[in-house]
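**Q** below are the sequence and a predicted model for it; my questions follow.
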Amino acid sequence: MTPTTIGLIAGTLTSIASIPQVIKTLQTRHVRDISVWQPLLLAFGVALWMIYGILIGDLPLILANITPLICNVVLTGMKIRYSKED
């Protein structure tokens, strides 16, 4: 396996890792057991990775961080919004 292949697999897995949690939270609107800090810190972390990718001109790094950034921002928003209902 080449380093590029490993990087593509890693980027794909980390990009889709938050999707199941977002879907489950949308379906149940249950956020009591989710810490607000986990998706918030991940959103900041992947945003910084994306900025780093932009600065060095690394398109795969940029693309690999778009989906997790969106998912973690949405999850943070749901945690804040649905906490009042939960």
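**A** Structure received.
**Q** how near is Pro3 to Trp37?
**A** 33 Å (C-beta to C-beta, to the nearest Å). C-betas here are computed from N, CA, C, even on glycine.
**Q** more neighbours: which of the two?
**A** Trp37 (10 against 7; other C-beta atoms under 10 Å).
**Q** quick check: Leu61 touching Trp49?
**A** Yes. Leu61 is within contact range of Trp49, at 6.5 Å (criterion: C-beta atoms under 8 Å).
**Q** now for the longest helix along the chain, which elements pack on it?
**A** If you go by DSSP state H, the chain has its longest helix at helix 59-83. Judged by 3 or more C-beta pairs under 8 Å, 6 or more residues apart in numbering; DSSP states H and E, the packing partners of helix 59-83 are helix 3-16, helix 19-28, helix 37-56.
**Q** contact partners of the helix or strand bottoming out on mean pLDDT in the chain?
**A** Least confident element among the helices and strands of the chain, by mean pLDDT, DSSP states H and E: helix 3-16 (a mean of 88). With contact meaning C-beta atoms under 8 Å, 6 or more residues apart in numbering, helix 3-16 is reached by 60-61, 63-68.
**Q** any buried residues in it, and which?
**A** 11, 14-15 (16 or more other C-beta atoms under 10 Å).
**Q** check stretch 16-35 too.
**A** For stretch 16-35, by 16+ other C-beta under 10 Å, it's 18, 21-22, 25, 31, 34.
**Q** good, we can wrap up now.
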